[in-house]
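> sequence and predicted structure are below.
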Amino acid sequence: MSGSFDHLHPRVREVAGKPDKERIAWLQVDRWVKLDRSEAALAQLEALLAYPTRGRMPCLLIHGTTGMGKSEILERFHERHPWSIDTKTGRETLPVLLAEMPPEATEIDFYEAILDQLNYRQRSSGTARERRGQVIAVMADAGVRVLMLDEIDKMLGSTPRQQKLFLNSIRYLTNQLRIPIVCAGATGARLAIRTDPNLADRFASFELHHWQKGRALKQLLALFSMSLPLRKPSDLTTSEMQDEVIKMTAGVTGRIFRLFEALAIAAIVSGREQIDLGSLRDEYLLLPLVSMEVQKSEDHAVAGYLFGDAG
Ligand SMILES: Nc1ncnc2c1ncn2[C@@H]1O[C@H](COP(=O)(O)OP(=O)(O)O)[C@@H](O)[C@H]1O
Ligand SMILES: [Mg+2]
């Protein structure tokens, strides 16, 4: 394929010349995009990692609705600080531990989730107290300096008493190990954390807001204009395009990314090679967007949000 593709970022120009199948496969690979908000969250996480050890360590709650990019941020930070081995001492350390919230917010399941991530096999089968001691010893030994817990809102499904015990165990870990704890979850999780006065003033909150029309959205759309491997230029930054995108995605990050992935694939398959307002009305697009709705409606919190939003 000839053509200089001046409208594209230099690194994407070569991709634009490739066969359709390869371009589609390229579009379907996940890539981290340095969004202002996700970079700001990462900077806060780095600051927590560098925070000097004190009696009371600061903690952070990253919250926002499903699809806003919370898990992406935690995973990105986790990847940046992987297991490493000290060649002199042979000691292996994991500075940032990312644990999965157990389906039931019980203390023992929480400890098990942490030990899983540390590949620790000789589990104690004793009381919660004994296990707590074991978790603290194993985490200290692995040199964990930040503990991150995703999908903290799962805890809202358990009884108030269970929630209280669970929050106690979080508080216990941050106090004993003197490390910051980072939680991510739907905004409702904030209320749960607030019920524990000792944690409430320790947890700073970082919200991932839905996208709105404006500078940041324009910047993201400009990035799509330059980085989707289409052979003809598209101006995606217009005011009308911004309005349509917000309308179709409710300003949810994951939906915006999936919308443009679908638009770009449709532009390749149809041979149009560009995206404009007309592309947004293409029936072909309905497929991924409808499946998105189905997936979301299973999530009550989000379904509630959607209804509220429509009313
Ligand atoms: N910084 C980013 N760069 C690229 N894609 C992102 C980014 N943040 C979010 N996404 C997209 O949004 C989707 C949803 O993100 P995710 O972290 O799973 O949301 P949440 O955990 O808040 O529900 C991801 O699968 C990804 O496609
Ligand atoms: Mg998530």
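Nice, I can see it. Numbering: from 1, shown residues only. Ligands and ions are numbered 1, 2, ... in the order given.

> which helix or strand contains the residue nearest to Ser225 when sequence neighbours are not counted?
Among residues not flanking Ser225 along the chain, Leu236 sits closest, at 4.7 Å (CB to CB, 6 or more residues apart in numbering). (C-beta placed from N, C-alpha, C; glycine too.) Under the criterion DSSP states H and E, no helix or strand holds Leu236.

> what about Leu236, how many neighbours?
By other CB atoms under 10 Å, 24 other residues sit near Leu236.

> quick check: Lys218 vs Arg37, distance?
Noted for Lys218: a distance of 15 Å to Arg37, by CB to CB, to the nearest Å.

> with Ser125 instead?
Ser125 is 43 Å from Arg37, by CB to CB.

> same question, Asn175
For Asn175 relative to Arg37 (CB to CB), the value is 30 Å.

> so between the two, which is more surrounded?
Arg37 (18 against 14).

> tell me who's in contact with that one.
Neighbouring residues of Arg37 by CB atoms under 8 Å, 6 or more residues apart in numbering: 69, 208-209, 216.

> relative to His9, how far out is it?
Separation of Arg37 from His9 (CB to CB): 22 Å.

> swap in Leu173?
44 Å.

> these two - which one has more neighbours?
More crowded of Leu173 and His9, by other CB under 10 Å: Leu173, with 22 against 15.

> which helix or strand contains the more buried one?
Assigned by DSSP H and E, Leu173 falls in helix 160-177.

> and that helix, how far from the chain's centre?
Relative to the mean C-alpha coordinate of its chain, helix 160-177 is positioned 24 Å out (CA atoms, centre = their mean, to the nearest Å).

> I'd like the next helix or strand past that helix.
Downstream of helix 160-177, the next assigned helix or strand under DSSP H and E is strand 181-185.

> what parts of the stretch 1-150 of the chain come near ligand 1?
The stretch 1-150 of the chain comes close to ligand 1 at residues 32-33, 35, 38, 64, 66-72, as judged by CB under 6 Å from any ligand atom.

> in what helix or strand does the residue of the stretch 201-311 of the chain found nearest ligand 1 lie?
Ligand 1 sits closest to Gly254 of the stretch 201-311 of the chain, with a gap of 2.9 Å, by CB to the nearest ligand atom. Assessed by DSSP H and E, Gly254 sits inside helix 253-270.

> over to Leu61?
strand 59-63.

> same check on Leu147?
Leu147 is part of strand 146-150 when elements are defined by DSSP H and E.

> partners of that strand in the sheet?
Each strand pairing with strand 146-150, determined using DSSP bridges, is listed with its direction: strand 96-100 (parallel), strand 181-185 (parallel).

> of those strands, which is nearest Ala200?
Closest approach to Ala200 among these (CB to CB): strand 181-185, 12.6 Å.

> just checking, next helix/strand downstream of that closest one?
Note on strand 181-185: by DSSP H and E, the next helix or strand toward the C-terminus is helix 188-194.

> centre of the chain to the helix or strand following that next one, how far?
Per DSSP H and E, helix 188-194 leads on to helix 197-200 as the next helix or strand towards the C-terminus. Going by CA atoms, centre = their mean, the spacing between the C-alpha centre of helix 197-200 and its chain's C-alpha centre is 25 Å.

> right, I'll call it a day here.
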